[in-house]
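J.: would you be able to build a 3D model of this:
(2 chains)
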Amino acid sequence: MQYLLMIYSDEKAYAQRPPDVIKRTTEAYLAYADAIKKAGADAGSARLQPTHTATTVRVADGKTQVLNGPYADTKEQLGGYFLIDVPDLDAALSWAARCPGAQGGVIEVRPIWAM
Amino acid sequence: MTSDARAVEARVAAEAAARRSYGKLVALLAAHTRDLAGAEDALSEAFASALADWPKHGCPARPEAWLLTVARRKLVDVSRKRARGEAVAAQILRLGDELDRAPDAPEIPDERLALMFACAHPALDAGIRAPLMLQVVVGLDAAAIASAFLVAPAAMGQRLVRAKQKIRRAGIPLRVPERAELAARLEAVLEAIYAAFAEGWADAAGADVARRELADEGIDLGRLVVELLPGEPEALGLLAMMLYAEARRAARRDANGEYVPLDAQDPARWDAALIDEAEALLHAASAHGAIGRYQLEAALQSAHVHRRRAGVANWAEVLALYDALLALSGSPVVALNRAVALGEVKGPEAALLALDEIGADRRLVEYQPYWAARAQLLARTGARDEARRAYSLALGLERDAAVQRFLQDRREALG
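T.: Numbering: from 1, shown residues only, chains lettered A, B, ... in the order given. A predicted model of the protein is given here:
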């Protein structure tokens, strides 16, 4: 089954980290992504630009509305994701717990709707 | 044999198979698909087929294997109808092959423990784990479960449906966890069993059949875990604790149906065989040298039993056990019981001070035993007005009529 691991964290605090912490976190993410690949569970991943770069689009009554900013103002923001392919939820949860983003942030695990 | 007699025979055989093996069959049918609702539907169709077929062709020698074969066929039909069902259908068929290759095996494989771990998975809402287990492992219907847990049947039905959907859609495995994870996950299984038992135990009069049954089902589930995981001290402790409690069930009411508190119970009315079994289980658990919440609670029950039987006050031992339990659980109910034990060791003033410390906990404000304990302690210090007020609050929170009368008598005895 495929699961999306969504990484939520406080992006303001994240942006203010000292350089040595940034370096360590980057290394941890690279190692994590590598481990997922080696386990044959990798189905894609990405880091997102901060929410101030977000634009929201909706169509109401045939009119397209474009708004500056993210859809929801939350205390912690979606900062990236890993899409993994593993046998079951337990395996997905164990990958989520290993994600560097789980330290100080939150990982939401959602199963992909199989078509 | 007349056709009526055959129909009766078929129904008796089908009901017996359901009682014996419902959970086993659901566990097997859902093992590969994780589709509990689908497994239950297929099984209930198989039971319907049995009631139509067995009166005509006689009851099969292995009713469970017959039911499993028919239910499996129904599952294959359903999954073939879905576009992506081929892989699943193949898995279900393989399950059949495994069984067909061992036609002489008297027992079908028992995957109920895996099913219980799925029902008590941390990804499910804690409040639905016990009801779900009762439905899919024991086979209780949603209406009976709803009434036992004091929830509207429609709401309970919906929550059960949602929990089963989550198991299937989120891919919660039907599997006994790895050794490293087992202890933490077993705790959730034991908690769900305990919740089922506690709901049944709360109905002391046994007036409510659905709830009375729940205590028995809780014990059966506890026995099942001990049978399948005999080396787990906390599973042994939980079963011991439930059996100690069950042994005192009859003694909680006198001949007139009035409530009898533990200290006034007649030990002769306790079930000695159950107590012996509980003692043996607790002894076996303690040999593992890994103490836990349920073993401590069982040890407390054991201490109460010995006090009443021997007529020797052992409150210091009881207090020490509550101290250990409180350090482990931090539960406000344990803190309350500890304060009561403290009252026996150091007097009511010390106990009231301890109660003041925990009284701010919102969960205790609506907890009848908190106010009853407070009232009794206040009465012992001579604060009769305050004691009366506390009894009134306790009375207003109690739902059992016999306990209500007991509290009223106590309040009136204050003059």
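
J.: for the stretch 151-300 of chain B, what lies in contact range of chain A?
T.: B:169-173, B:175, B:177 (CB under 8 Å from any CB of the partner chain). Every residue, glycine included, has its C-beta placed from N, CA and C.

J.: again, 10 Å this time
T.: Listed as neighbours of chain A in the stretch 151-300 of chain B under the rule CB under 10 Å from any CB of the partner chain: B:166-175, B:177-178, B:181, B:185.

J.: in chain A, what residue lies closest to chain B?
T.: Residue nearest to chain B within chain A (CB to the nearest CB): A:Asp88, separated by 4.0 Å.

J.: would A:Gly80 count as being in a strand?
T.: Yes: counting by DSSP: H, G, I helix; E, B strand; the rest coil, A:Gly80 is found in a strand.

J.: I'd assumed A:Tyr29 was in contact with it.
T.: Yes: counting by CB atoms under 10 Å, A:Gly80 does reach A:Tyr29; the two are 8.5 Å apart.

J.: what do the two both touch?
T.: Here A:Gly80 and A:Tyr29 share the contacting residues A:7, A:45, A:47, A:99, A:101, scored by CB atoms under 10 Å, 6 or more residues apart in numbering or on different chains.

J.: and the two most separated of those?
T.: Farthest-apart pair in the shared contacts of A:Gly80 and A:Tyr29 is A:Arg47 and A:Cys99; separation 12.4 Å (CB to CB).

J.: how far away is B:Arg162 from B:Leu132?
T.: Using CB to CB, to the nearest Å, B:Arg162 is found at 10 Å from B:Leu132.

J.: strands - which of the shared contacts of A:Gly80 and A:Tyr29 land there?
T.: When those are checked against strands (DSSP state E), the matches are A:7, A:45, A:47.

J.: name the residues contacting each of B:Arg162 and B:Leu132.
T.: Applying CB under 10 Å, 6+ apart, one finds that B:Arg162 and B:Leu132 are jointly contacted by B:124-125.

J.: the two - which one has more neighbours?
T.: Between B:Arg162 and B:Leu132, B:Leu132 has the larger neighbour count (other CB atoms under 10 Å in any protein chain shown), namely 26 against 13.

J.: from the chain's centre, how far out does the helix or strand in which the more buried one is found sit?
T.: Assessed by DSSP states H and E, B:Leu132 sits inside helix B:126-133. Here helix B:126-133 is found 10 Å from its chain centre; the criterion is CA atoms, centre = their mean, to the nearest Å.

J.: and the next helix or strand past it?
T.: Where DSSP H and E defines the elements, the next helix or strand beyond helix B:126-133 is helix B:142-148.

J.: what packs against the following helix or strand past that following helix?
T.: The helix or strand immediately downstream of helix B:142-148 is helix B:153-169, counting by DSSP H and E. If contacts are counted by 3 or more CB pairs under 10 Å, 6 or more residues apart in numbering or on different chains; DSSP states H and E, helix B:153-169 sits against helix A:89-98, strand A:106-111, helix B:3-30, helix B:36-57, helix B:112-119, helix B:126-133, helix B:142-148.

J.: may I see those organised as JSON lines, with mean pLDDT added?
T.: Listed next are the helices and strands packed on helix B:153-169 as JSON lines, based on pLDDT from 0 to 100:
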{"stretch": "helix A:89-98", "mean pLDDT": "95"}
{"stretch": "strand A:106-111", "mean pLDDT": "97"}
{"stretch": "helix B:3-30", "mean pLDDT": "90"}
{"stretch": "helix B:36-57", "mean pLDDT": "94"}
{"stretch": "helix B:112-119", "mean pLDDT": "92"}
{"stretch": "helix B:126-133", "mean pLDDT": "91"}
{"stretch": "helix B:142-148", "mean pLDDT": "82"}
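
J.: ok, and which of those has the densest surroundings?
T.: Mean neighbour count (mean count of other CB atoms under 10 Å in any protein chain shown) peaks for helix B:112-119 among the helices and strands packed on helix B:153-169, with a mean of 25.

J.: and that helix with helix A:89-98, angle?
T.: Helix B:112-119 runs at 50 degrees relative to helix A:89-98, counting by axes from the mean of the first three to the mean of the last three CA atoms, to 10 degrees.

J.: helix B:112-119 packs against which elements?
T.: Against helix B:112-119 (3+ CB pairs under 10 Å, 6+ apart) you get helix B:3-30, helix B:36-57, helix B:126-133, helix B:153-169, helix B:179-201, helix B:209-228.

J.: and if we set it to 7 Å?
T.: Judged by 3 or more CB pairs under 7 Å, 6 or more residues apart in numbering or on different chains; DSSP states H and E, helix B:112-119 is in contact with helix B:3-30, helix B:126-133, helix B:179-201, helix B:209-228.

J.: who touches the second one?
T.: By CB atoms under 7 Å, 6 or more residues apart in numbering or on different chains, the residues outside helix B:126-133 that reach it are B:116, B:119-120, B:145, B:149, B:156, B:159-160, B:163, B:188, B:192, B:195-196, B:221.

J.: what's the distance between the nearest residue to B:Arg6 once chain neighbours are set aside and B:Ala195?
T.: Excluding the flanking residues, the one nearest B:Arg6 by CB to CB, 6 or more residues apart in numbering or on different chains is B:Pro55, at 4.2 Å. Per CB to CB, B:Pro55 is found 40 Å from B:Ala195.

J.: before we move on, what about A:Tyr71?
T.: According to CB to CB, A:Tyr71 stands 39 Å off from B:Ala195.

J.: more neighbours, these two?
T.: When A:Tyr71 is set against B:Ala195 and neighbours are counted by other CB under 10 Å, the residue ahead is B:Ala195, at 20 against 13.

J.: list the contacts for the residue in chain B positioned nearest to chain A?
T.: In chain B, the residue that lies nearest chain A is B:Pro173 (4.0 Å; CB to the nearest CB). B:Pro173 sits next to A:88-90, B:118 when contact means CB under 7 Å, 6+ apart.

J.: repeat the analysis, applying 8 Å as the threshold.
T.: When contacts are counted by CB atoms under 8 Å, 6 or more residues apart in numbering or on different chains, B:Pro173 is found next to A:87-90, B:34, B:118.

J.: that concludes my questions; thank you for your assistance.
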